[in-house]
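>>> For reference, the sequence and a predicted model appear below.
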Amino acid sequence: MSIIDRINSYEDACQIKGIQPRAISDFSFLPEEDREAQFASHQLDVMIRVVNGEKGFDYNDRNQRKHYPYLVWTGSGFALLAVGCGGTRTVVGPRRSFHSEEACRKFVTKFIHLYNQSYQQ
Amino acid sequence: MEKLTITRENAVKVYQAAKLLSDLLGAGNLDLDITELVGSYEDACRLRGVTPLSLSDFAFHGPKRQEQKYADHQLDIIIEALNEGHVFDYDDDDERKHYPLFKKTGSGFALHAVYCDRTSTDVGPRRSFRKEETARYCATKFIHLYNQSFQQQ
């Protein structure tokens, strides 16, 4: 079973990494309007790190592809439109990039609600 | 935020002084670009009316993530201030949402170009800008925060 298929929740990713899951109350030191977005961002950080494994991204290596999602507004929220990739450039940074297009596509589709929460204005 | 009280008499004096200055200089000359007001995270906090946080507030993320999370937070506040509270409307095909594209240099990322979208996004509204110049300013002035935010370890 692939790592993506093993992660159905933030708690699954925490268990794989052996860390304690956080709750939104841990973010109460932030301005109220930023809490949900930052909690969602934290969940994405943890899960994407598990999906990518220990292998980091090397932006000096133009042959190493860094895949990232491109989202489109659907009227009620964002949905995956396409997967882009860069070599030595980025708009999203390594913490929102994936080593494979397939992992990116599956992950974003499964956890699109967290992207939408992290985009809250 | 601390509230101050002012007497009616003093409020009238301040108003008259401000009006006189505006008449003398011309109102247009008093318009400041938002980038002139946001030179630091603390400036942005003042404009937004929130108390600045410090690195230690993010300690619960652990030593590896503390700095990047603090950088994320600072970018949130700064970008919101630079956008002057604007809420992006992704139903609006005519509204441009600008965002920076970075390129790896020897030691970190640097601004390469500014892109824009209308109903789709790479970065979401919290990392988008109303104006191209503001995106360019933020990604240049606060490039250290983007680099901290992009840390992998």
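Alright, I've got the coordinates.
>>> Show me where chain B has its helices.
Ranges of helices in chain B, per DSSP state H, are B:8-25, B:34-37, B:41-48, B:66-82, B:132-141, B:143-149.
>>> if you compare those helices, which one is most tucked away?
Across the helices of chain B, the average number of neighbours (mean count of other C-beta atoms under 10 Å in any protein chain shown) peaks for helix B:66-82, which reaches a mean of 21. Just so you know, the C-beta spots here come from the backbone N, C-alpha and C atoms, and that holds for glycine as well.
>>> Just want the angle from that helix to helix B:41-48.
40 degrees (axes from the mean of the first three to the mean of the last three C-alpha atoms, to 10 degrees).
>>> Near chain A, which residues of chain B? Just list them.
Residues of chain B lying near chain A by C-beta under 8 Å from any C-beta of the partner chain: B:48, B:50, B:53, B:57, B:60-61, B:65, B:68-69, B:72-73, B:76-77, B:87-88, B:90-91, B:99-104, B:109, B:112, B:115, B:119-126, B:146, B:149-150, B:152-153.
>>> Leaving out the residues flanking it, which one is nearest to residue 81?
You didn't say which chain, so I picked chain A. residue A:72 (3.9 Å; C-beta to C-beta, 6 or more residues apart in numbering or on different chains).
>>> Please refer instead to chain B.
residue B:44 (3.8 Å).
>>> tell me the contacts of that neighbour?
Shown in contact with residue B:44 (C-beta atoms under 8 Å, 6 or more residues apart in numbering or on different chains): B:38, B:74, B:77, B:78, B:80, B:81, B:82.
>>> And the last one, what's its pLDDT?
Looking back up the chat, that one is residue B:82. With respect to pLDDT, residue B:82 scores 97.
>>> Is it correct that residue B:126 is in contact with residue A:115?
No - contact criterion C-beta atoms under 8 Å: residue B:126 and residue A:115 do not qualify, at 11.4 Å.
>>> Confidence-wise, which helix or strand of chain B is lowest on average?
Sorting the helices and strands of chain B by mean pLDDT, DSSP states H and E puts helix B:8-25 at the bottom, at a mean of 72.
>>> Do any residues in stretch A:50-67 lie close to chain B?
Yes - contact of stretch A:50-67 with chain B (C-beta under 8 Å from any C-beta) involves A:56, A:57, A:59, A:60.
>>> My read is that the third one contacts residue B:102, right?
No - counting by C-beta under 8 Å, residue B:102 is not a contact partner of residue A:59; they are 9.2 Å apart.
>>> Verify the stated contact: residue B:38 with residue B:82.
Yes - contact criterion C-beta under 8 Å: residue B:38 and residue B:82 qualify, at 5.6 Å.
>>> Please go through chain A and pick out the longest helix.
Scanning chain A for the longest helix, with DSSP H as the assignment, gives helix A:32-52.
>>> Show me where chain A has its strands.
Remark: strands assigned in chain A by DSSP state E are A:66-73, A:78-86, A:89-90.
>>> okay, those in TSV with mean neighbour count next?
TSV is the format used below for the strands of chain A (neighbours: other C-beta atoms under 10 Å in any protein chain shown):
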stretch	mean neighbour count
strand A:66-73	21
strand A:78-86	17
strand A:89-90	20
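>>> on that earlier part again, residue A:87: which of the helices of chain B is closest?
Comparing those by their distance to residue A:87 (C-beta to C-beta), the top pick is helix B:143-149, with 18.3 Å.
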